[in-house]
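A.B. asks: Okay, predicted coordinates and the sequence, questions at the end:
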Amino acid sequence: MYGQELAKVYEIFYRSRGKDWTAEAEEVTRLVRARMPQARTLLDVACGTGAHLATFRERFEEVEGLEIAPPMLELARERLPGLTFHEGDMRDFALEDTFDAVVCMFCAIGYLGTVEELRSAVRAMADHLSPGGVLAIEPWWFPEDHIEGYVAGDLGKEDGLTVARISHSTLQGRATRMEVRFLVGESAGIREFTEIDVLTLFTKDEYTQAFLDADCSVEYLPGAPTGRGLFVGVRH
């Protein structure tokens, strides 16, 4: 997951399908400020290449990122020099500071394998909230949304690179197993690589209970930013 090859082309094919990291970060900022108008600090868990943080740093006085994959973390640091980034696992990270907002975007939570890991991650995020702080998590699809054999395809072109991505999804236990194949064309030639992603189909109730057990209120907001909605809560 998220090796060096993928990290280099990660954003190209998502932009080709219309993903807008700036608009997503703006919407999350709006949701945070609606619940905590004075919010000034934010932690982005599973921050990837820092695409959301590029906007969050303009909206909050202090922002930091946490990422488990070194190739993604390297690109985030290159993109946003001067920002504090932590290499860590969302299930058990422990930083010295707390934040007015903690966010976990783009379905990163789905890479956790069990309900126990989900609960641990939500608890770790909530433990890094200041009193009254806001927690926002974008889920993976719910079990009822799974489409067996679903195929997706994208083609993106940027900066001399052409990237084709095709994915095929099957049910593996209670998770979506996606076999994702990439073709990357550039002046030096064409290369190909394959990624296997396994994302757990947690239920709405499992997300909700994880928030409640972490001493947070919770509401599910369907739809934005990518069709899967957001779980948003406030630390008691």
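C.D. replies: Thanks, I have it. None of these values were measured; they are calculated from a predicted model.

A.B. asks: Could you use CA atoms for every contact and neighbour count after this?
C.D. replies: Noted.

A.B. asks: Which residue ranges of the chain form strands?
C.D. replies: 41-45, 62-67, 84-87, 99-104, 129-137, 151-158, 161-172, 175-186, 189-200, 219-221, 230-234 (DSSP state E).

A.B. asks: Against which helices or strands is the third one packed?
C.D. replies: When you say that, I think you mean strand 84-87. The elements that strand 84-87 packs onto, with contact taken as 3 or more CA pairs under 8 Å, 6 or more residues apart in numbering; DSSP states H and E, are strand 62-67, helix 70-79.

A.B. asks: Packed most tightly, which of those would that be?
C.D. replies: Highest mean neighbour count of these: strand 62-67, a mean of 22 (counted as mean count of other CA atoms under 10 Å).

A.B. asks: Could you give the number of residues near the residue nearest to Phe231 when sequence neighbours are not counted?
C.D. replies: Excluding its sequence neighbours, the residue lying closest to Phe231 (CA to CA, 6 or more residues apart in numbering) is Tyr220, at 4.5 Å. Per other CA atoms under 10 Å, the neighbour tally for Tyr220 reads 16.

A.B. asks: what do you get for Gly173?
C.D. replies: By the criterion of other CA under 10 Å, Gly173 has 9 neighbours.

A.B. asks: Can you name the residues that contact Val198?
C.D. replies: The contact partners of Val198, taken as CA atoms under 8 Å, 6 or more residues apart in numbering, are 111, 175-178.

A.B. asks: Ok, Gly88 next?
C.D. replies: Contacts of Gly88 were listed using CA under 8 Å, 6+ apart, and they are 66-68.

A.B. asks: So the residue nearest to Phe231 sits against Leu230, correct?
C.D. replies: Yes: using CA atoms under 8 Å, Tyr220 and Leu230 qualify as a contacting pair, with a distance of 5.8 Å.
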